[in-house]
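1. sequence first, then the predicted structure:
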Amino acid sequence: MANELVIGDDGWTEIVGEQSRGGNVIGDAGYDVLGEMMQKSPAFKQAVERRAAASRPMLHKTPLSKARDWQIDFGPVSGAAGTSTTLIVAPQCLFRGEKVMATDSSTTPGLGTRVAAIFVGQKSQRPANAGATLTAFFANNSLGNGVKWDTCEKALSISLTISFISACTFDCTVFGKAVL
């Protein structure tokens with residue numbers, strides 16, 4: 001049983017890979033175990049070093065587990081009736097919007113502006129050809145306006161295009177999760 005190899009085991013990984021961790025690629029342990037073969041054959045030494053290096057990943061992927069509640073503010077911004085504007089924010093961290101709260105300063109709050117487009121990077125977060133939605137639908141007391149946007153990657157931006165029905169000031173906050 002001592003000399004048997006398990007399927008997928010070439011016999012060298014344990015000797016070279018495990019014993020040389022923390023030092024150079026092959027380390028003194030490789031020379032102690034493999035002795036003269038390492039010293040006499042440069043090709044064998046290179047093959048063993050490649051095998052040892054391949055058994056250790058250069059990057060260690062750690063799952064993102066430290067998400068926290070975060071908010072991004074758009075506005076306030078004022079506009080004249082019949083105009084539109086695009087508000088752009090670059091979060092500088094991974095961010096996924098989950099709830100939108102917006103209002104405006106028209107005579108009846110929420111009826112003076114419309115949210116025409118929402119983009120995360122180049123991805124639209126609204127249905128195609130959906131038209132513009134009254135800001136009142138994103139009021140703080142509205143039910144069911146929870147969304148799950150695409151995740152905004154670092155170096156991308158989130159943009160909202162707002163159309164003004166009447167002269168007023170628009171203000172919006174997007175709540176979600178961020179990983180810093």
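-> That came in fine, so what should we check first? Numbering: from 1, shown residues only.
2. leaving out sequence neighbours, find the closest residue to residue 94.
-> Counting by C-beta to C-beta, 6 or more residues apart in numbering, residue 179 is the residue found nearest to residue 94 once chain neighbours are left out, at 4.3 Å. For the C-beta atoms, the positions are set from N, CA and C on the backbone; glycine is no exception.
3. so what's residue 158 up against?
-> The contact partners of residue 158, taken as C-beta atoms under 8 Å, 6 or more residues apart in numbering, are 72, 88, 89, 90, 91, 95, 97, 118, 119, 120, 152, 174.
4. list buried residues within those residues.
-> 72, 91, 95, 97, 118, 119, 120, 152, 174 (16 or more other C-beta atoms under 10 Å).
5. looking at those residues, spot the one nearest residue 41.
-> Nearest to residue 41 out of the buried ones among the contacts of residue 158 is residue 152 (C-beta to C-beta; 53.3 Å).
6. so the closest one bridges to which residues?
-> Note on residue 152: beta-bridge partners by DSSP bridges are residue 95.
7. tell me the contacts of the residue nearest to residue 94?
-> Taking C-beta under 8 Å, 6+ apart, one finds 64, 66, 67, 68, 93, 94 in contact with residue 179.
8. which strand residues sit across from it in the sheet?
-> For residue 179, the beta-bridge partners are residue 67, residue 94 (DSSP bridges).
9. tell me where this structure has helices.
-> Residue ranges of the helices in the chain, as given by DSSP state H, are 19, 27-34, 36-40, 42-54.
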